[in-house]
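1. Next comes the sequence, and after it the predicted model I'd like to discuss.
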Amino acid sequence: MNIPRTSLLLALLSALAPATHAADLPDAGQAKELAPVRVEGQTHDDRHGTALDAYGNASLHDTPAAVTLVTRKQLDDRQIRTLSELAREDASLGDNYAPVGYYQNIAIRGYPLDLATGLRLNNLAIAGEQPVALEDKQRVEVLKGLAGLQAGVMEPGGVVNFVSKRPADVREVTLGTDSHGSRYGALDLGGWLGPNIGLRANLAWEDIHSYVRHADGRRNFYALAADWHITPDATLELDSDYQASAQRSVSGYQLLGGDTIPKHADPTRLLGYQPWQQPVSIHAANTGARFNYALSEDWRLRLAAGHSRSVIDDNVAFAYGCFYATGCASGEAPGNFFAPNGDYDIYDFRSPDDTRIDDEARATLEGRFDTGAVSQQLTLGASAFRRLNDQRADVYDYVGTGNIADLDPPRFAPSPNQPGASVRRLTSWQRSLFALDRLHLGERWQLLAGARLVRLHERAYDGDGTLERDTRLSRTLPQAAVLWQPVDPLTAYISYSEGLSLGREAPYWTSNDSQMLPPRLSRQLEAGLKYATGGAFDLSAALFRIRQPYQFARPDDSAAGFTFVQQGEQVHTGLELGAHGRVSDNLGITASASLIRARAQDTGIDAYERHQVVNVPRLRATVHAEYRLPFAPQLSLLGGWRYASANAATPDGRVRVDAYHVFDAGLRYAATVNGHALTARLSVDNLFDRFYWRDTGSALGDSYLFPGAPRLARLSVSIAF
């Protein structure tokens, strides 16, 4: 699969060589016109708007929602490589089952992303079961709280949209390493083949020396973007990428006996390690096309289609529970947690060729017209989304027992069993019609009203290919907002939206094992302020309330002791504050804070109410600062601080991990050497090597604890040639 892609990229790269002299051609002005799209050295230009088709590609100032943009400069300065590292950039984000060496998930406003629809590339859904590469991304948009109008069936916290770099005259190579001896290389090469066709290629190679013992890995990444200005009114944008990665997956800790935080946990230890454990191998490819056509001065047609495919060879000596350990076999301690003395079971888990596919097509018509004194902007659209999942019958066999005190657990023989044949496990279709009307009532007021009609048809099959579930539903998801701009820099808004999320599957240790609960309708009310101080510094505040039916394992007198039910509501009420920009010529700051009251209510279980829900710290805050030395303007000091309050680890709130403060530091040196721009970056994460629990989230109904990374220093040098 990667041989033809590599050959194609090499051929295109060679074709770009003469294009780098486009500045000498008579029509080189075309490339110069596009230069502002790639604003590596700017702070504000890269933050002008979003790729939100449902809002008519409005500016941030005119978008009635909280949106955080992580620019290319931020990605480079912090040397961000993973989704978990990206989550540090905004206080509204947090990890939710994000193991080292595996694809990761995060939560927005306390709600984990739906991996089918929560990650998007150029506003097209991609399979979330992949480690998304960032080398070819111009920026990352965190769209908070946007419900059904934007993405259809999704979790109510929001979505993360990755925006690709566009063609530009650029030739840059980056080499890097870290304090564990990793090696990293990346190439960014672009140019124009003529006045109307541009290409940009990004390649990356990484030899990962993990801070976790036995968990080294590697990855290769290739990406190509192309722009074709067919006519002054028609533009075609194409993107394609491919990544192959391999790294042993690191199991999370679990509560001891279901109610005790493990003491002296070691983030560098690979729980369950067995020499025969193979790495998790993930091959992911994403392709998208977007066609924009100006029908007239006031009307525009946008067509988009994308295909995303991720194939996971899942292999792990999995540390989980204690069903076979002496302290749990009698039933005195729950088997789905580690034993009270730290014992845990080790399972040989193998699930090769686990294939996830996302396909999406969308058509949008945008226009504006006047009706008397009211100016209107209308957006009409239709979309179709397909999700496929093919899996083989996995191997999941107990092989032995280890203890968290072991540097390496005893060695056991792997299971002799082999995975079965591949079968279709899921086919899901979402077909939607959506519309939004933006009315300008004078110069200071705007009214937005819209809705999405979504029809969902989903079939799930068991390991033998027998139909287990056939879900069909139709729902209209409204959204409305009012914006007031009393002065040009200030926007105040209030919005209401509804969303639809799929029901969750009952864990195997409940009495209704594998039952899929009904879809959940969420409702959100948000009020916010945005203030742009002359384009140099932005301030924002948002107050929100999200309500969603609560699905949980309810204790009862069944044989399993729990039944997975939908009862009551999960209500998140929060305040978000943000600031970004330059305080002075030499000082720049990016800061955010998130205060969330996340509660379950009307559950029928008194112990589950009146306290914070699992894995949603009440307070998060993050600050990143950059200070350019006045006496040495080529050198900038970088610093950061991350904070999270105590975090609940059990539904009854009795067990919580401690609050933490983490400090980061760095240097950036930018100079010109023999006419070539050179930038050297040194970053140190967790400067004081503090131990902390970064995640108390869950996967498939089971709870895990993941420690934060110890101190890590990274060094990179980028040279334009």
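-> Now that the structure is in, tell me what you want to look at.
2. hang on, Cys328 in a helix?
-> Yes: using DSSP: H, G, I helix; E, B strand; the rest coil, the assignment for Cys328 is a helix.
3. so who does the closest residue to it other than its chain neighbours touch?
-> Of all residues beyond its chain neighbours, the one nearest Cys328 is Cys322 (3.8 Å), with distances taken as C-beta to C-beta, 6 or more residues apart in numbering. For the C-beta atoms, the positions are set from N, CA and C on the backbone; glycine is no exception. Cys322 makes contact with 328, 333, 335, 337-339, 343-345, 401, according to C-beta atoms under 8 Å, 6 or more residues apart in numbering.
4. Between those, identify the one with the most neighbours.
-> Phe338 (31 neighbours; other C-beta atoms under 10 Å).
5. The residue nearest to Ala116 when sequence neighbours are not counted: neighbour count?
-> Closest residue to Ala116 apart from its sequence neighbours, by C-beta to C-beta, 6+ apart: Arg387 at 5.1 Å. Residues near Arg387, counting by other C-beta under 10 Å, number 22.
6. Provide the strand pairings for the helix or strand where Arg387 lies, with the direction of each partner.
-> Assigned by DSSP states H and E, Arg387 belongs to strand 374-392. The pairing partners recorded for strand 374-392 under DSSP bridges are strand 343-371 (antiparallel), strand 422-441 (antiparallel).
7. and the last one, how far from the chain's centre?
-> Taking C-alpha atoms, centre = their mean, to the nearest Å, one finds the center of strand 422-441 at 20 Å from the center of the full chain.
8. measure the closest residue to Ala393 other than its chain neighbours to Ala598 for me?
-> Sequence neighbours aside, Gly420 is the residue nearest to Ala393 in space, at 3.1 Å (criterion: C-beta to C-beta, 6+ apart). Per C-beta to C-beta, to the nearest Å, Gly420 is found 40 Å from Ala598.
9. neighbour-wise, which of the two wins?
-> Higher neighbour count among Gly420 and Ala598: Ala598, with 22 against 13, using other C-beta under 10 Å.
10. could you dump the strands paired with strand 374-392 to CSV with distance to Pro478 and mean pLDDT?
-> Converted to CSV, the strands paired with strand 374-392 look like this (distance: least, C-beta to C-beta, whole Å; pLDDT from 0 to 100):
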stretch, distance to Pro478, mean pLDDT
strand 343-371, 18, 96
strand 422-441, 11, 95
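11. Out of the helices and strands in this structure, which is least certain?
-> None of the helices or strands of the chain scores lower by mean pLDDT, DSSP states H and E than helix 29-34, at a mean of 40.
12. can you give me the mean pLDDT across stretch 121-139?
-> If you average the pLDDT over stretch 121-139, you get 97.
13. As CSV, could you dump the C-alpha coordinates of it?
-> Extracted C-alpha coordinates of stretch 121-139, given in CSV (Å, rounded to 0.1, in the frame of the first residue of the first chain):
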residue,chain,number,x,y,z
LEU,A,121,-9.9,16.9,8.6
ASN,A,122,-10.8,20.1,6.6
ASN,A,123,-14.3,19.6,8.1
LEU,A,124,-14.7,16.1,6.8
ALA,A,125,-14.9,13.2,9.3
ILE,A,126,-11.9,10.9,9.7
ALA,A,127,-11.6,7.6,11.5
GLY,A,128,-10.7,8.6,15.1
GLU,A,129,-8.9,5.3,15.6
GLN,A,130,-5.6,6.6,14.3
PRO,A,131,-2.7,8.8,15.6
VAL,A,132,-3.3,11.9,13.6
ALA,A,133,-0.1,13.4,12.3
LEU,A,134,0.4,17.1,12.6
GLU,A,135,3.3,17.9,10.2
ASP,A,136,0.9,18.8,7.3
LYS,A,137,-1.5,20.8,9.5
GLN,A,138,-1.7,24.6,9.3
ARG,A,139,-3.9,24.9,12.4
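14. Numbering from 526 from now on, please.
-> Right, with 526 as the first residue, what we last looked at is stretch 646-664.
15. For that stretch, buried residues please.
-> 646-664 (16 or more other C-beta atoms under 10 Å).
16. what's the offset of that stretch from the middle of its chain?
-> With C-alpha atoms, centre = their mean, you get 8 Å for stretch 646-664.
17. And for stretch 1213-1232?
-> 17 Å.
18. Which parts of the stretch 1126-1246 of the chain are strands?
-> Secondary structure of the stretch 1126-1246 of the chain by DSSP state E, counting those that start in this stretch: the strands cover 1144-1153, 1160-1169, 1172-1173, 1181-1182, 1185-1198, 1201-1210, 1218-1220, 1223-1224, 1227-1228, 1231-1232, 1237-1245.
19. List just the one of those strands that sits closest to Val737.
-> With distances scored as C-beta to C-beta, the stretch of these nearest to Val737 is strand 1231-1232 (9.9 Å).
20. Just the element for the residue nearest to Cys853, please.
-> For Cys847, there is no enclosing helix or strand under DSSP H and E.
21. Next, it: phi, psi?
-> Cys847 adopts backbone torsions of phi -150, psi 30, taken as degrees, to the nearest 10.
22. tell me the pLDDT at it?
-> 95.
23. for the one 10 residues further on, same thing?
-> Turning to Glu857, the model gives it a pLDDT of 82.
24. What of Ala536?
-> Residue-level pLDDT assigned to Ala536 equals 44.
25. cool, and Gly682?
-> We have a pLDDT of 93 for Gly682.
26. Contacts only, for Glu666.
-> Applying C-beta under 8 Å, 6+ apart, the residues near Glu666 are 575-576, 592-595, 685-688.
27. in a strand, that's where it is, yeah?
-> Yes: with three-state DSSP as the criterion, Glu666 is part of a strand.
28. Can you report how many residues lie near the residue nearest to it when sequence neighbours are not counted?
-> Excluding the flanking residues, the one nearest Glu666 by C-beta to C-beta, 6+ apart is Asn686, at 4.2 Å. Neighbourhood size, Asn686 [other C-beta under 10 Å]: 28.
29. Now do Asn686 against Val667, distance only.
-> For Asn686, the distance to Val667 (C-beta to C-beta) stands at 8 Å.
30. Not counting residues beside it along the chain, what's closest to Leu1120?
-> Leu1100 (4.7 Å).
31. which residues does the one you found contact?
-> 1066-1068, 1119-1120.
32. buried set for the strand or helix carrying it?
-> If you go by DSSP H and E, Leu1100 is part of strand 1087-1107. Counting neighbours by 16+ other C-beta under 10 Å, one finds that the buried residues in strand 1087-1107 are 1087-1091, 1093-1097, 1099, 1101-1107.
33. Return it as CSV; C-alpha atoms alone will do.
-> What follows is strand 1087-1107, C-alpha atoms only, in CSV (Å, rounded to 0.1, in the frame of the first residue of the first chain):
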residue,chain,number,x,y,z
PHE,A,1087,-24.7,-4.2,37.9
THR,A,1088,-27.1,-3.4,35.0
PHE,A,1089,-26.2,-0.9,32.4
VAL,A,1090,-29.1,1.6,32.2
GLN,A,1091,-30.1,5.0,31.0
GLN,A,1092,-31.6,7.0,33.9
GLY,A,1093,-31.5,10.6,34.9
GLU,A,1094,-29.3,13.2,33.3
GLN,A,1095,-25.6,14.2,33.2
VAL,A,1096,-25.5,18.0,33.4
HIS,A,1097,-22.3,20.1,32.8
THR,A,1098,-22.4,23.7,33.7
GLY,A,1099,-19.3,25.7,33.0
LEU,A,1100,-17.4,28.9,32.5
GLU,A,1101,-14.5,29.2,30.1
LEU,A,1102,-12.1,32.1,29.8
GLY,A,1103,-9.5,32.7,27.2
ALA,A,1104,-6.8,35.2,26.1
HIS,A,1105,-4.5,35.1,23.2
GLY,A,1106,-2.1,37.6,21.6
ARG,A,1107,0.7,40.0,22.3
